[in-house]
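J.: Sharing a sequence plus its predicted fold:
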Amino acid sequence: MPLPGRTLALPLLASLAAACASGKKQLYAWNGYDDALYTLARAPQDNERYLECLKQIIERTETSHDKVPPGIYAEYGYALFTNGQLEDAIGYYARERDTWPESRVFMEKMIRNTQRLRQGRPPAPGDGPPAPLPATSRQIDGGRRAGGDLP
Amino acid sequence: MRRLPVLPAAAALALSGCATAPPAKNYDAFRAADIHSILVVPVVNNTTNIEAPSLFLSTLPIPLAELGYYVFPTHMVARVLEDEGLSDADLVHQADPVRLCGLFGADSVLYVTIESWAAKYLVLNTSVVVSFDYVLKDGKTGATLWSEHRTAQYSSGNGSSSGSPLVDLVAMAVSAAVAKASPDYMPLARRANDEVLSTPGVGLLHGPYRPDRDR
């Protein structure tokens, strides 16, 4: 039986803990990315919700003119891709690449493979890791693609 | 805060290794590798809790990025590996690190294994234990640059305060969570990461995006 006091105390504790944690200077404004990742880990099939969370994080971060932290544009691009929005996905992969040069190899592969999928061509061998099929095609062929050219 | 009567006033968070000073780590190879990016691959699970690996994976990108590295998008990486037939984290961990990093253009790869993720309910005492192995390998040579093992334990009802307000707050949050049907391991997991990754002399060296990078 949860006591009423505990119900009230928990959020207070959480915010206090957060206040303490932010005592050390952070490099980035995360804007709830930890919650988005946690929610996705709890409900991996809920891509819609993840998509919406990431969209808001990006909007908030860009509005405050902060640099969008590593991986967020890419995750958003991939969530768009999963949603069947291939063109939009490519745009966000490009933003990840331009914001974070360390991601260039991976993002360019994803862009190339997504472009091939848009044009209905299979990914070239040796160009792994290729982009998987978007959700819509997955439903049609009823499953994941067979293993490609990774080790 | 600690006097709230509904909270277990006597809660302590014990982190192993806090009491004794660990032997000094040799960071020469780490420093020489000059890594700028970290590929975090799916977590190997040596426990029976099926949720543990994805939950724990979700706690890793932020502390690593805050250390000054480019961190590859963990969820996307996991899905791409899965679509390539590497849905089993054990297979990913067994793959050649140089090849793996090469595919993503990563400077290094972080492997984490969960050794324990468990709660024990006793009459007067509930304890939660999480335990992790962390290994960072060089993407160019495959050599191990850094490794650490950490156990974090929370135990209710052993009647002591840690002396640190933050640790006590975390302990209270864990304690309240444990009281519910399903224990929330996340505060403990985040605490373990913080201790392991960000403690100077134990954790990772600061990366290139940190203005205070220790070269």
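T.: That came in fine, so what should we check first?
J.: only C-alpha atoms for contact and neighbour calcs from this point on.
T.: OK.
J.: quick one: low-confidence parts of chain A?
T.: A:1-24, A:122-151 (pLDDT under 70).
J.: let's go with 80 and repeat that
T.: A:1-25, A:121-151 (pLDDT under 80).
J.: repeat for chain B
T.: Ranges of chain B meeting pLDDT under 80: B:1-24, B:120-126, B:155-184, B:214-215.
J.: Point out the residues in it that sit beside chain A.
T.: Within chain B, the positions adjacent to chain A are B:6-7, B:36-37, B:51, B:54-55, B:58-59, B:62, B:65-66, B:68, B:70-76, B:80-81, B:83-85, B:95-96, B:99-100, B:103-106, B:166, B:169-170, B:173, B:176, B:180, B:210 by C-alpha under 8 Å from any C-alpha of the partner chain.
J.: Give me the buried entries from those.
T.: Buried members of those, scored by 16 or more other C-alpha atoms under 10 Å in any protein chain shown, are B:7, B:36-37, B:54-55, B:58-59, B:62, B:65-66, B:68, B:70-76, B:80-81, B:83-85, B:99-100, B:103-106, B:166, B:169-170, B:173, B:176.
J.: May I have the phi/psi pair for the residue lying closest to residue A:51 once chain neighbours are set aside?
T.: In this structure, residue A:51 finds its nearest non-sequential neighbour in residue A:79, 5.7 Å apart by C-alpha to C-alpha, 6 or more residues apart in numbering or on different chains. Main-chain torsions, residue A:79, degrees, to the nearest 10: phi -70, psi -40.
J.: Can you name the helix or strand that the residue nearest the centre of chain B falls in?
T.: Central residue of chain B (C-alpha atoms, centre = their mean): residue B:193, 3.5 Å from the mean position. Taking DSSP states H and E as the definition, one finds residue B:193 inside helix B:186-198.
J.: what's the answer for residue A:75, then?
T.: Residue A:75 belongs to helix A:72-82, assigned by DSSP H and E.
J.: Show me what that helix is packed against.
T.: Using 3 or more C-alpha pairs under 8 Å, 6 or more residues apart in numbering or on different chains; DSSP states H and E, the elements in contact with helix A:72-82 are helix A:47-63, helix A:86-99, helix B:74-83.
J.: and the second one with helix A:72-82, angle?
T.: Helix A:86-99 and helix A:72-82 are oriented at 170 degrees to each other (axes from the mean of the first three to the mean of the last three C-alpha atoms, to 10 degrees).
J.: Give me the buried stretch members for helix A:86-99, please.
T.: Within helix A:86-99, the residues that count as buried by 16+ other C-alpha under 10 Å are A:86, A:89-90, A:92-97, A:99.
J.: Kindly reformat those as TSV and extend each row with distance to residue B:138.
T.: TSV is the format used below for the buried residues of helix A:86-99 (distance: C-alpha to C-alpha, whole Å):
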residue	distance to residue B:138
A:86	33
A:89	30
A:90	29
A:92	28
A:93	25
A:94	26
A:95	27
A:96	23
A:97	22
A:99	24
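J.: So for stretch B:63-76, first residue to last residue, what's the gap.
T.: End-to-end distance for stretch B:63-76: 18 Å, by C-alpha to C-alpha, to the nearest Å.
J.: Neighbours of residue A:53, how many?
T.: 21 (other C-alpha atoms under 10 Å in any protein chain shown).
J.: related to what we said a few turns ago, OK, contacts around the residue nearest to residue A:51?
T.: With contacts defined as C-alpha atoms under 8 Å, 6 or more residues apart in numbering or on different chains, the neighbours of residue A:79 are A:47, A:50-51, A:89.
J.: What of residue B:38?
T.: B:69-72, B:106-110.
J.: Specify the local secondary structure of residue B:184.
T.: coil (DSSP: H, G, I helix; E, B strand; the rest coil).
J.: cool, residue A:108 as well?
T.: Relying on three-state DSSP, one would call residue A:108 helix.
J.: Roughly how far does it sit from residue A:95?
T.: For residue A:108, the distance to residue A:95 - C-alpha to C-alpha - is 11 Å.
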